[in-house]
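Engineer: Give the three-dimensional model of this entry:
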Amino acid sequence: ESLHSCIGLLGISAGSLLLAVHFYSSPRAAPLIPSTALGVLLLIFSALLAYAGIRRSLRNASLLVSLCLTLSAFWCGYGVILILAGQGALPEPGDSRDALVPGLATFTLALLLVAVVGFLCGEPILALVAAAVSLASAHEVALHYSSSLGPSAVACSHLIVCLVGGYFALGRILYFLTKGKVALPGTDLTEKKAQEQSRGSGGSSNPFAAPGLLLNMLSACVFGCRLLGVTHKLFLGHVPWLWAAGAFQIGICVLSYRAMDVLMATAFGFTSILKFAGGYCLLYPIWQPEEPSFPVPFLVVFSILFAVLALFLSLRSPVDGLYLLVFVAYCIALACSPRGFFAGGPQGVAVAIFVASALVTLIHLYNLRARAKIPTGKGAVKALLARSSFLKLREGPDLHTPYLGYSKYADAEVLAYACSVLASFALTTPGEPQAPLATVVIPWVVVAGGILKLLGGSVAFARGQTLESSAFILYAVMWIIWGLTRYGGLYGTARSFHAAVGIVAFMLFNSFIVFCSLFLNMAWFFYSLTFTLIAVSFLLDAIHALPTGYDIAATLIFGLVSFYCFLAALSSSTFEGCCLPLGRPVVQLGGVGAGTTKCLHLPARKASSVKRIADILRNGGTCGIPTDTVYVLVAACNRPDAVEKAHRSKRQAQDRPMSLWISSLKQLEPAKHLFTPLLWDFMEAAWPSPISLVIPRGEWVDFLGMKDSAKYVGTPQSVAIRIPDCSVTTHLIDLVGPIVVTSANPTGEADTTHHNQVYAKLGDKVDAVLCGGPSPENIASTVVDCTKIDSGNIGFFRVGIIPKSQVLQILEQVQKK
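Structural biologist: The predicted structure follows:
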């Protein structure tokens, strides 16, 4: 945390120093730092600030996150514009001014909001830095419109940032040299971290919401400045602001999933699409003199998606829900204006978006840090829904926990389904074959259907949803390739046999997904099956045999199925219980969901989960648990009924008897006199480890309270015993006592190395699975024969993760002792 805070503040100071040198030397004929070089350096510092903002801990929400990410987006767009100016891409006299002013004006206000909240919430250093950069941006705006204000005023403001950064660096140096005894005011990060933890997250679950809202101000300002006459035209120079905002919002969308905020992540995904579309429209006049046309049906559908999302978001925060309604109006204004972003109607709504974004950003920033919150209406909605017996909001720490195990990300299926709706309805616009780029379809298909669906597939993969992630990624690749080919001018009027072959390959992959979805649920089966209709329309178009209206019918069917899945995913992530059913699997397999109502799945990282597993074992249950090697099936030694159940469910072969695990040799202390000194010392030296020792059966077994369970453990002559080198497993044994263990797979099958495999193979035969993710090792333990150890000889029934040489070395050391 200290490192990331230092990187962030010192990176801001270094970037400000570069800008100070640039503006001090700008009156000269040849500035010390050329525009191109300065732009490249600002892009480097932008990446550094993005790293510092992202790596800041999610548990301790800080204004530093908002400051770093906001300045990172600012310097990214600013740097690209400087590179364009240095390379002569902005040749007209006022082009540089028109390109820079919208971004400078936005970040003047944005950083001023951060500074105000910083002063109010006791963050003086961050507030000074934000205020100084805001002042520099304001001076630069004034400099572009009045020559009486020299560039030295801008440089002085940047020098203030450098001085604050120097003070912070001095404070950190003194802190480290004196080992924490001397700390300048405001530079003791340990004290600040304690204050943040005492405050918690400040009532806001998503510290990345504020930077995302600030980026909405940036894109709105670009179009609002044109309406108000601040800039003279919309052109190439504004594209860096729009696309930087879009790219950063996609990043914030991912971070919002990390913050377990599905609704705001989906909202940022939606707004990023508008930013890329706006940049595309401003870029198009470079190679064609006319303005591009907009697909009206798509924008109507987009406004419906925004309205549905606003409705669900208002249940959590009415302020955020009302805010999204402005984007509903924006989409409707775009649909009603043939000129799209160039028309006055959408630009007027953009001004409203700018104002609304500023107000909502201020609320999010203040509530992030302050103890006394600005009310957002959440309590009123919660109280209203509490009276309803039908609708109950999902709440609690396990709100976004996947069905098996746990994940660092919330579920992204809502955004993925919405992107399918957007991409499919965008394809209903045929476009001009001679000028495919003239219709704005590429942003909706490539960004929505491609990039954001890839994001959804990646998040699904991180959550362990193998089939869903494979489908989303496959469909994303298909949308990107087909969108660029058909609507990017790569296809032309001719049809290609090679394109048809590629589409057939996609259809073969999709047929496998359709088959697998039979075992998932009905909704997924229809979702994947209707995408086959889309692929068929692509194939028929590629071979020039597309019937009139087929492609529109196929895209409408797929779009409607996707919209239902979107609503179902949205309602299931918001309300308890399934409001819109997804249907049961078409084909039911034993062990795959058959134990849905019987087998618990608890995350191993929680002590409460281990305690619950212990209760199940004490009550005669059997469970699958993670260990230091592979997953195992366990039962309590003092419950013969449970041991017999484990023996039956495993179909234990006679040549593979069940073994015995303890957590410490202290459990065998009462029977120590029954072991030879060499064997006892060997056990003491070998454990805890993935080494199982097969020792002679004797009266010591009775000291473990096995009673009637003993007949299922080991052979009449010997018993395999081990202390695992796994804190979760040993803690469980401490709670339960010695346990009987066997591998968590039917006899003869491969070892299980993930809790999903345990659930699939034994899900309907065990009472619970302790989910610890992938096994640390894919190899089982080494089994050593110690029945003749007193004669100096040991054998090996199985050489596993511990090699023979290491076991023999341990024995040699014990013998020398």
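
Engineer: For my notes, confirm Cys419 occurs in a strand.
Structural biologist: No - according to DSSP: H, G, I helix; E, B strand; the rest coil, the state of Cys419 is helix, so it is not within a strand.

Engineer: Tell me who's in contact with it.
Structural biologist: The contact partners of Cys419, taken as CB atoms under 8 Å, 6 or more residues apart in numbering, are 269, 448-449, 452-453, 456. Quick note: C-beta positions are derived from backbone N, CA and C, even for glycine.

Engineer: Give me the subset of the residues you listed that lies in strands.
Structural biologist: Counting by DSSP state E, those place none of their members in strands.

Engineer: Adding pLDDT and distance to Arg55, write those out as CSV.
Structural biologist: CSV is the format used below for these (pLDDT from 0 to 100; distance: CB to CB, whole Å):
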residue, pLDDT, distance to Arg55
Gly269, 95, 22
Ala448, 85, 29
Gly449, 86, 31
Leu452, 92, 24
Lys453, 93, 27
Gly456, 92, 24
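
Engineer: Looking at these, which one is closest to Ala476?
Structural biologist: For these, the closest approach to Ala476 (CB to CB) belongs to Lys453, at 3.8 Å.

Engineer: Tally up the residues packed near the nearest residue to that closest one once chain neighbours are set aside, please.
Structural biologist: For Lys453, ignoring the flanking residues on the chain, the nearest one in space by CB to CB, 6 or more residues apart in numbering is Ala476 at 3.8 Å. Ala476: 26 surrounding residues under other CB atoms under 10 Å.

Engineer: Go ahead and name everything in contact with the host helix or strand of Ala476.
Structural biologist: If you go by DSSP states H and E, Ala476 is part of helix 466-487. If you take CB under 8 Å, 6+ apart as the criterion, helix 466-487 is touched by 413, 416, 420, 423, 431, 436-437, 439, 441-442, 445-446, 449-451, 453-454, 456-458, 460-461, 490-491, 499, 502, 506, 509-510, 513, 516-517, 520, 524, 527-528, 531, 535, 538, 541.

Engineer: Could you give the average pLDDT over it?
Structural biologist: Averaged across helix 466-487, pLDDT comes to 87.

Engineer: CA-only coordinates of stretch 74-90, as PDB, when you get a sec.
Structural biologist: The C-alpha coordinates for stretch 74-90 follow below in PDB (Å, rounded to 0.1, in the frame of the first residue of the first chain):
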ATOM      1  CA  PHE A  74      -6.500  13.100 -18.600                       C
ATOM      2  CA  TRP A  75      -2.800  12.600 -19.500                       C
ATOM      3  CA  CYS A  76      -3.600   9.800 -21.800                       C
ATOM      4  CA  GLY A  77      -5.900  11.900 -24.000                       C
ATOM      5  CA  TYR A  78      -3.700  15.000 -23.600                       C
ATOM      6  CA  GLY A  79      -0.600  13.000 -24.600                       C
ATOM      7  CA  VAL A  80      -2.200  11.600 -27.800                       C
ATOM      8  CA  ILE A  81      -3.400  15.100 -28.800                       C
ATOM      9  CA  LEU A  82       0.200  16.500 -28.300                       C
ATOM     10  CA  ILE A  83       1.500  13.700 -30.500                       C
ATOM     11  CA  LEU A  84      -1.100  14.500 -33.200                       C
ATOM     12  CA  ALA A  85      -0.100  18.200 -33.000                       C
ATOM     13  CA  GLY A  86       3.600  17.400 -33.100                       C
ATOM     14  CA  GLN A  87       3.100  15.200 -36.200                       C
ATOM     15  CA  GLY A  88       1.100  17.800 -38.100                       C
ATOM     16  CA  ALA A  89      -2.300  16.100 -37.800                       C
ATOM     17  CA  LEU A  90      -3.900  19.300 -36.500                       C
END
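
Engineer: Okay, now the unreliable bits of the stretch 451-600 of the chain?
Structural biologist: 489-496, 577-578, 589-598 (pLDDT under 70).

Engineer: how about the helices in it?
Structural biologist: Along the stretch 451-600 of the chain, the segments classed as helices by DSSP state H, counting those that start in this stretch run 453-462, 466-487, 497-517, 522-542, 550-574.

Engineer: Could you list every helix and strand in contact with the longest one?
Structural biologist: Using 3 or more CB pairs under 8 Å, 6 or more residues apart in numbering; DSSP states H and E as the contact test, the elements touching helix 550-574 are helix 262-283, helix 296-316, helix 413-426, helix 522-542.

Engineer: try 6 Å this time
Structural biologist: Other elements packing on helix 550-574 under the criterion 3 or more CB pairs under 6 Å, 6 or more residues apart in numbering; DSSP states H and E are helix 413-426, helix 522-542.

Engineer: Give me the pLDDT for Gly620.
Structural biologist: For Gly620, pLDDT reads 89.

Engineer: Please read the previous query as pertaining to Tyr403.
Structural biologist: Residue-level pLDDT assigned to Tyr403 equals 58.

Engineer: The one 3 residues further on now?
Structural biologist: At Tyr406, the predicted lDDT confidence score is 61.

Engineer: What ranges does the chain have for its strands?
Structural biologist: 600-603, 623-625, 632-636, 659-661, 691-696, 718-722, 739-743, 768-771, 782-785, 795-798.

Engineer: In CSV, list these along with distance to Ile286 and mean neighbour count.
Structural biologist: Below are those laid out as CSV (distance: least, CB to CB, whole Å; neighbours: other CB atoms under 10 Å):
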stretch, distance to Ile286, mean neighbour count
strand 600-603, 53, 21
strand 623-625, 61, 29
strand 632-636, 64, 28
strand 659-661, 70, 22
strand 691-696, 70, 23
strand 718-722, 70, 23
strand 739-743, 64, 25
strand 768-771, 53, 26
strand 782-785, 68, 22
strand 795-798, 69, 12
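
Engineer: Nearest to Ala370 among the ones you listed would be which one?
Structural biologist: So among the strands of the chain, strand 600-603 is nearest, using CB to CB, at 32.8 Å.

Engineer: Neighbours of Phe682, how many?
Structural biologist: 26.

Engineer: Relative to Phe563, how far out is it?
Structural biologist: Applying CB to CB, to the nearest Å, the value for Phe682 to Phe563 is 67 Å.

Engineer: separation between Ala635 and Thr622?
Structural biologist: In this view, Ala635 and Thr622 are 5 Å apart by CB to CB.

Engineer: cool, and Val114?
Structural biologist: 55 Å.

Engineer: returning to what we had before: with distance to Phe472 added, can I get the strands of the chain in JSON lines?
Structural biologist: Converted to JSON lines, the strands of the chain look like this (distance: least, CB to CB, whole Å):
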{"stretch": "strand 600-603", "distance to Phe472": "23"}
{"stretch": "strand 623-625", "distance to Phe472": "29"}
{"stretch": "strand 632-636", "distance to Phe472": "34"}
{"stretch": "strand 659-661", "distance to Phe472": "41"}
{"stretch": "strand 691-696", "distance to Phe472": "43"}
{"stretch": "strand 718-722", "distance to Phe472": "42"}
{"stretch": "strand 739-743", "distance to Phe472": "34"}
{"stretch": "strand 768-771", "distance to Phe472": "23"}
{"stretch": "strand 782-785", "distance to Phe472": "42"}
{"stretch": "strand 795-798", "distance to Phe472": "41"}
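
Engineer: where exactly do the helices run in the stretch 51-200 of the chain?
Structural biologist: Ranges of helices in the stretch 51-200 of the chain, per DSSP H, counting those that start in this stretch, are 63-86, 95-120, 124-145, 151-177, 189-199.

Engineer: Pick the most deeply packed of those helices.
Structural biologist: Most buried of these, by mean neighbour count (mean count of other CB atoms under 10 Å): helix 63-86, with a mean of 26.

Engineer: Any chance you could list what contacts that one?
Structural biologist: Helix 63-86 is touched from outside by 8, 35-36, 38-39, 42-43, 45-46, 49-50, 52-53, 56, 90, 96, 99, 103, 107, 110, 114, 118, 123, 126, 130, 207, 210-211, 214, 240-241, 244, 248, with contacts defined as CB atoms under 6 Å, 6 or more residues apart in numbering.

Engineer: PyMOL command for the buried members of these?
Structural biologist: Buried members of the contacts of helix 63-86 can be picked out in PyMOL with the line below, counting by 16 or more other CB atoms under 10 Å:
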select buried, resi 8+35+38+39+42+43+45+46+49+50+52+53+56+90+96+99+103+107+110+114+118+123+126+130+207+210+211+214+240+241+244+248
